[in-house]
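A.B. asks: quick one, what's the 3D model for this:
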Amino acid sequence: MKRLHLFIIKSFLGPFFLTFFICIFILLMQFLWKYIDDLVGKGLEWQIVVEFLTYASFGLVPMAFPLAVLLASIMAFGNLGENYELVAMKASGISLIRAMRPLIYIAVFLTYVAFFFSNNILPQTNLKLGALLASVKTQKPEMIIKEGIFANDIDGYSIKVEKKSRTNNMLYDLMIYDHTLNRGNIKVSIADSGTMVITKDKKYMILTLYNGENYTEEKEIERGANKSYPFRRDRFSKEIINVPLKGFDFNRQDEKIYKNYFRMMNLKQLTHQEDSMYNDYLLRLRRFVISMNYNTELSRSIVNETQTVDSLKSELNFVPDTIVNIDTVLYSKTQMYRNEIIQEAISEARNNSQNIYQEQDQLYLRKKDINKHTIERHKKFSWSFACLIFFFIGAPLGAIIRKGGLGMPVVVSILMFITYYMVSITGEKFAREDVWPMFDGMWFSSFIFLGLGVFLTYKAATDSAIMNMETYQLFFKKLTSLDFLKNKRSKNEDSAVN
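C.D. replies: Predicted coordinates for the structure are as follows:
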């Protein structure tokens, strides 16, 4: 029995590690496609690029774990079914659940590893990735010269090149505006050709110009009532300009700036932050409700009911002294008095409406921030638990399909994972907008796919032919034959009547 368990474990671990790195690679390509605009043209060193890819890969591990478990379990039991090894086990009295037992322990262990990673390693990885990504975004791009377009990447200069050589570094028909004096376009350089080189420390750019002219407008000269505007033109055969560069060297952002972001927190920090934010939200909500304009008795009741300290609450029993008909009292007054009462009521209603309009956006944003922390806390459990769910989906599904390799298992796994992801995103959105309770929205996909896993496990354990095409072909043949017999019987009855 131990040899059988070792054989099953080996048949699972091999595809798991293979598919895990494949999933990381695919998800990493999708991540790079999202941030490609922030990385291209920044002149980053290869060490920075490797560090960025490493942090991004670690950040994708919680999503890659369930997909790898699903794909590996389908491949493992698909290979066993395709090679009739499952049939041999069942013939020897070994049920499917018993064959799955060692992998169930491994799936539970992987669930714990996924949770440990999400709670302890992922926050630190997200912190370093967020700080590095912010540093990359603030990094100025390398000087990218395009033909016929002014480049304004260098502070104080605007450079235009009509043509670039494709065989060397020569640039032709250059026009350079010098704005370093902040006096407008008073200094222009034109050259037939030139070269542009950035020093290794990225502190200076060396412009070498050939066969050109410099045009400079000098400061105006006042002579009494008359003003003169001097103009200077210099011709050169070769000129070297050293342009200082600012912001082209890579500067790292301080990680402490981003440590309070919800993706950079573990479970304990999220719970503490969520409680603090929720208490502040309730305090602001109470202040807002109390600040509204009510009558005296209603204001006292609202203050008492919204009191957060139970010992300060009092039992209020409001009994009206007299019950009157508002319309009777109102129309017993003069027209002028009635108009004053109506105008005052309208004014109070408008003030309340304006206060509500001004405050609701702030309260909505604060509640949304609280929901982000709650969602992140539930994600650490739900995505880890998805490893166990996908195992109970993949293992019986592989035993039913009986196809191994990277063909059918890959197609089924991708479709299953995309469906799970879409349902998960839908529940998360409803929970974020407070349409559903937070627990229901974040665990909605888990409940659905857990039921699917139990159903598939039952079908596989009872040798159900749910995925066998011959079963459905035979079913439709029976339906057509029944329709044929009914039609034939009705025709015979009609002929007998005639």
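
A.B. asks: ranges for the helices of the stretch 251-400 of the chain?
C.D. replies: 267-291, 296-305, 326-331, 335-401 (DSSP state H, counting those that start in this stretch).

A.B. asks: just name the most buried of the ones you listed.
C.D. replies: helix 335-401 (a mean of 17; mean count of other C-beta atoms under 10 Å). Placement of C-beta: from N, CA and C, glycine included.

A.B. asks: before we move on, back to that, of all the helices of the stretch 251-400 of the chain, which lies closest to T208?
C.D. replies: Shortest distance between T208 and those, using C-beta to C-beta, is found for helix 335-401: 53.6 Å.

A.B. asks: got the angle between the helix or strand just after the closest one and helix 335-401?
C.D. replies: Following helix 335-401 in sequence order, the next helix or strand is helix 408-432 (DSSP states H and E). With axes from the mean of the first three to the mean of the last three C-alpha atoms, to 10 degrees defining the directions, helix 408-432 sits at 160 degrees from helix 335-401.

A.B. asks: so where do the strands sit in this protein?
C.D. replies: For the chain, strands defined by DSSP state E occupy the ranges 157-164, 171-178, 187-198, 204-217, 221-223, 226-228, 231-244.

A.B. asks: can you redo these as CSV with mean neighbour count?
C.D. replies: Below are the strands of the chain laid out as CSV (neighbours: other C-beta atoms under 10 Å):
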stretch, mean neighbour count
strand 157-164, 17
strand 171-178, 19
strand 187-198, 17
strand 204-217, 17
strand 221-223, 9
strand 226-228, 9
strand 231-244, 12
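
A.B. asks: quick one: closest of the ones you listed to G407.
C.D. replies: strand 157-164 (48.6 Å).

A.B. asks: list the helices and strands the closest one packs on?
C.D. replies: strand 171-178 (3 or more C-beta pairs under 8 Å, 6 or more residues apart in numbering; DSSP states H and E).

A.B. asks: which other helices and strands contact the strand it packs on?
C.D. replies: For strand 171-178, the elements it packs on are strand 157-164, strand 187-198, strand 204-217, judged by 3+ C-beta pairs under 8 Å, 6+ apart.

A.B. asks: could I get those strands as a markdown table with distance to I145?
C.D. replies: Below are these laid out as a markdown table (distance: least, C-beta to C-beta, whole Å):
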| stretch | distance to I145 |
| --- | --- |
| strand 157-164 | 5 |
| strand 187-198 | 7 |
| strand 204-217 | 11 |
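
A.B. asks: adding mean pLDDT, write those out as TSV.
C.D. replies: Shown next, in TSV, are those (pLDDT from 0 to 100):
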stretch	mean pLDDT
strand 157-164	86
strand 187-198	87
strand 204-217	86
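
A.B. asks: wait, which of the ones you listed is closest to V435?
C.D. replies: Per C-beta to C-beta, nearest to V435 of the helices and strands packed on strand 171-178: strand 157-164, 51.8 Å.

A.B. asks: tilt between the closest one and strand 231-244?
C.D. replies: If you take the same axes, to 10 degrees, strand 157-164 sits at 90 degrees to strand 231-244.

A.B. asks: list the contacts for N371?
C.D. replies: If you count contacts by C-beta atoms under 8 Å, 6 or more residues apart in numbering, N371 has them with 431-432, 434, 438.

A.B. asks: of those residues, closest to S189?
C.D. replies: Proximity of these to S189 (C-beta to C-beta) peaks at R432, which lies at 55.9 Å.

A.B. asks: what about that closest one, neighbour count?
C.D. replies: Other residues near R432 come to 18 when the count uses other C-beta atoms under 10 Å.

A.B. asks: without its sequence neighbours, what residue ends up closest to it?
C.D. replies: N371 (5.0 Å; C-beta to C-beta, 6 or more residues apart in numbering).

A.B. asks: how close does that neighbour sit to I356?
C.D. replies: Noted for N371: a distance of 21 Å to I356, by C-beta to C-beta, to the nearest Å.

A.B. asks: with adjacent residues omitted, what lies nearest to V243?
C.D. replies: M205 (4.4 Å).

A.B. asks: isn't the one you found right next to L245, touching?
C.D. replies: Yes. Contact criterion C-beta atoms under 8 Å: M205 and L245 qualify, at 5.7 Å.

A.B. asks: which residues do the two both contact?
C.D. replies: In contact with both M205 and L245: 154, 198, using C-beta under 8 Å, 6+ apart.

A.B. asks: redo the contacts of N371 as JSON lines? Include distance to L53.
C.D. replies: Output for the contacts of N371, formatted as JSON lines (distance: C-beta to C-beta, whole Å):
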{"residue": "A431", "distance to L53": "32"}
{"residue": "R432", "distance to L53": "30"}
{"residue": "D434", "distance to L53": "37"}
{"residue": "M438", "distance to L53": "34"}
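
A.B. asks: return the members of the residues you listed classed as buried.
C.D. replies: By neighbour count, with 16 or more other C-beta atoms under 10 Å, the contacts of N371 hold 431-432, 438 as buried.

A.B. asks: what is the nearest of the residues you listed to E147?
C.D. replies: R432 (47.4 Å).

A.B. asks: my guess is that closest one contacts K368, does it?
C.D. replies: Yes. With contacts counted by C-beta under 8 Å, R432 reaches K368, the gap being 6.9 Å.

A.B. asks: so what are the domain limits for this protein?
C.D. replies: For the chain, automatic domain parsing gives the domain ranges 2-139+377-467, 157-244, 262-374, 468-498.
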